[in-house]
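Colleague: Next input, structure requested:
(one chain, ligands or ions: 2)
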Amino acid sequence: MADKPTKGLADVVAASTALSDIDGKAGRLFYRGYDIHDLAGRTTFEETAHLLQCGRLPNRDQLAAYGAELVGGRALGALVEANIPEIAEKQAPMEALRTLVSLAGADDPDKDAGSPEANLRKAARLTAQQPILVARYHAARTGAAIPEPDPGLSIAANFLLQITGRAADPRAVEIFDACLVLHADHTMNASTFAARVCAATLSDMHSAVVAAIGTLKGPLHGGANEQVMRTLESLDPGSVAQAVRDRLAAGEKIMGFGHRVYKTEDPRATHLRRMSQELAEASGDDTYYRMSKEMEEVVFETKGLYPNVDFYAATVYHYLGVPTDLFTPVFSVSRMSGWTAHVIEQHADNRLIRPDSEYIGERDQKWKPIDER
Ligand SMILES: CC(=O)SCCNC(=O)CCNC(=O)[C@H](O)C(C)(C)COP(=O)(O)OP(=O)(O)OC[C@H]1O[C@@H](n2cnc3c(N)ncnc32)[C@H](O)[C@@H]1OP(=O)(O)O
Ligand SMILES: O=C([O-])CC(=O)C(=O)O
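Modeller: Ligands and ions are numbered 1, 2, ... in the order given. This next block holds a predicted model:
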């Protein structure tokens with residue numbers, strides 16, 4: 001007989017990884033041994049993606065080569081191009097991305113290859129294409145003319161350009177770039193685990209990240225950042241504390257709070273809170289930031305819960321001009337770098353992931369013909 005399961009696999013070690021590490025008690029996060037506090041604001045998203053996918057922080061030559069690969073990888077394939085308009089009309093953003101990335105698998109020049117070299121090329125292309133897919137989806141549904149990707153711009157600068165239609169100011173680009181760095185990888189979170197389960201059957205990288213996108217979408221995971229903004233929009237700025245207390249008393253969860261691993265402040269939230277405050281003050285209307293601070297105080301006072309990465313990311317994206325329903329797609333733009341690195345790592349030392357289950361159903365049932373049931 002199987003052991004009792006741990007509900008939600010809490011504390012179960014499901015994989016070995018050299019990609020990221022969390023100290024949940026101390027509130028620390030590391031990518032390949034580098035403290036997130038040393039990376040955020042000092043290392044670009046491109047450098048971070050190289051660190052995760054290629055194993056080291058790049059020197060100038062390596063970064064130039066990887067950057068050129070990313071710029072070259074931005075071009076979308078024919079099948080994706082042909083289907084963007086209809087998908088934008090019929091699917092919500094995360095559903096659309098799930099479909100478009102699946103189609104991108106059919107367009108990929110390495111689609112029939114699973115070698116380590118092909119996986120690295122696919123990882124770069126997927127990382128390059130994800131922001132373009134979000135922007136092209138948004139343009140198709142709004143009918144807006146979208147600037148062409150600018151080969152001279154970083155992923156962060158190009159994304160803000162394509163989403164808002166104008167060149168973002170350099171500080172906004174720095175902040176958005178740091179957001180991408182902060183969201184890039186996070187040990188065995190649900191979407192990464194989904195990607196690794198898929199990859200461990202020796203399925204291909206596109207299939208694995210499609211599983212991950214579908215998993216990130218849920219409001220208990222990446223979908224929480226959109227819900228945080230919806231909550232802020234639903235509250236009266238004058239009665240935030242009482243409304244949050246009422247919701248908690250009614251047994252509701254407040255999105256953007258709590259975490260399976262962190263028992264103290266999520267180190268990413270420390271950066272995002274600061275960025276949210278800076279952007280709020282620069283915008284001349286800090287209402288949502290002040291409401292967020294009040295929510296944070298009440299949730300801590302009432303439940304002892306800290307904000308997670310999704311809480312202040314919501315107002316940061318809002319102040320940067322990202323539409324609310326694209327917040328989770330923005331998360332996927334960053335996490336694509338981590339998912340693909342995990343697929344590479346899984347394929348490099350693979351064993352099928354197949355846990356056991358505890359049977360809790362009926363036993364010794366007596367079969368009857370259909371007319372006697
Ligand atoms: C990128 C990310 O994925 S970060 C997480 C994003 N998700 C969210 O912000 C959604 C809100 N938060 C949650 O639902 C949870 O805290 C999770 C999913 C993040 C972690 O879940 P778990 O580790 O399974 O904790 P679980 O949901 O069992 O919560 C434990 C207790 O804290 C409470 N709790 C946890 N989070 C919250 C919350 N946000 N608001 C109110 N109560 C909460 C639960 O109700 C539960 O209380 P109980 O023991 O009295 O029943
Ligand atoms: O680790 C988790 O469970 C969720 C999370 O914070 C992330 O994926 O960034």
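Colleague: can you pull out the strands in the stretch 51-200 of the chain?
Modeller: Secondary structure of the stretch 51-200 of the chain by DSSP state E, counting those that start in this stretch: no strands are present.
Colleague: Name the residues of it found near ligand 2, please.
Modeller: 186, 189 (C-beta under 6 Å from any ligand atom). C-beta coordinates here come from the backbone N, C-alpha and C atoms, glycine included.
Colleague: and the residue of this protein nearest ligand 1?
Modeller: With C-beta to the nearest ligand atom, the shortest gap between the chain and ligand 1 falls at residue 258, namely 2.3 Å.
Colleague: Give me the phi and psi for residue 253.
Modeller: Phi and psi for residue 253, reported as degrees, to the nearest 10, are phi -90, psi 140.
Colleague: ugh, typo on my part, it should be residue 21
Modeller: With angles defined as degrees, to the nearest 10, residue 21 shows backbone torsions of phi -150, psi 140.
Colleague: Give me the pLDDT for it.
Modeller: Here, the pLDDT recorded for residue 21 equals 98.
Colleague: That one and ligand 2, how far apart?
Modeller: Distance of residue 21 to ligand 2, given as C-beta to the nearest ligand atom, to the nearest Å: 12 Å.
Colleague: wait, what's in contact with that residue?
Modeller: With contacts defined as C-beta atoms under 8 Å, 6 or more residues apart in numbering, residue 21 is in contact with 29-30, 33, 187.
Colleague: Can you check my assumption that residue 30 lies in a strand?
Modeller: Yes - with DSSP: H, G, I helix; E, B strand; the rest coil as the criterion, residue 30 is assigned to a strand.
Colleague: For residue 102, see how far away the nearest residue to it once chain neighbours are set aside is.
Modeller: With C-beta to C-beta, 6 or more residues apart in numbering as the measure, residue 21 is the residue that lies nearest to residue 30, at 4.6 Å, once sequence neighbours are left out. Residue 21 sits 31 Å away from residue 102, going by C-beta to C-beta, to the nearest Å.
Colleague: three-state assignment of residue 351?
Modeller: For residue 351, the assignment made with three-state DSSP gives coil.
Colleague: Let me know whether it touches residue 200 as I believe.
Modeller: Yes - the criterion here is C-beta atoms under 8 Å, and residue 351 meets it with residue 200 at 6.8 Å.
Colleague: quick one: which two of the contacts of residue 21 are the most distant?
Modeller: Within these, two members stand farthest from each other by C-beta to C-beta: 33 and 187, at 13.6 Å.
Colleague: Tell me which of those two has more neighbours.
Modeller: residue 187 (19 against 9; other C-beta atoms under 10 Å).
Colleague: neighbour-wise, which of residue 351 and residue 200 wins?
Modeller: Regarding residue 351 and residue 200, a neighbour count based on other C-beta under 10 Å identifies residue 200 as having more, with 18 against 8.
Colleague: Next one, pLDDT for the more buried one please.
Modeller: Confidence at residue 200, expressed as pLDDT, is 98.
Colleague: what's the closest non-adjacent residue to it?
Modeller: According to C-beta to C-beta, 6+ apart, the nearest residue to residue 200 is residue 353 (4.3 Å).
Colleague: if we can go back for a sec, closest to residue 88 out of the contacts of residue 21?
Modeller: Proximity of the contacts of residue 21 to residue 88, judged by C-beta to C-beta, is greatest for residue 187, which lies at 33.5 Å.
Colleague: got the contact list for that closest one?
Modeller: 17, 19-22, 261.
Colleague: Could you work out the most separated pair of those residues?
Modeller: By the measure C-beta to C-beta, these have their two most distant members at 19 and 261, which lie 15.0 Å apart.
Colleague: what about residue 298, how many neighbours?
Modeller: As a burial measure, residue 298 scores 19 neighbours (other C-beta under 10 Å).
Colleague: which SSE is it in?
Modeller: Counting by DSSP states H and E, the secondary-structure element that holds residue 298 is helix 287-303.
Colleague: Give me the mean pLDDT for that helix.
Modeller: Per-residue pLDDT over helix 287-303 has a mean of 98.
Colleague: Please name every helix or strand in contact with the helix or strand that comes right after it.
Modeller: The first helix or strand that comes after helix 287-303 along the chain, using DSSP H and E, is helix 309-319. For helix 309-319, the contact count by 3 or more C-beta pairs under 8 Å, 6 or more residues apart in numbering; DSSP states H and E identifies helix 170-182, helix 224-234, helix 267-283, helix 287-303, helix 327-348 as packing neighbours.
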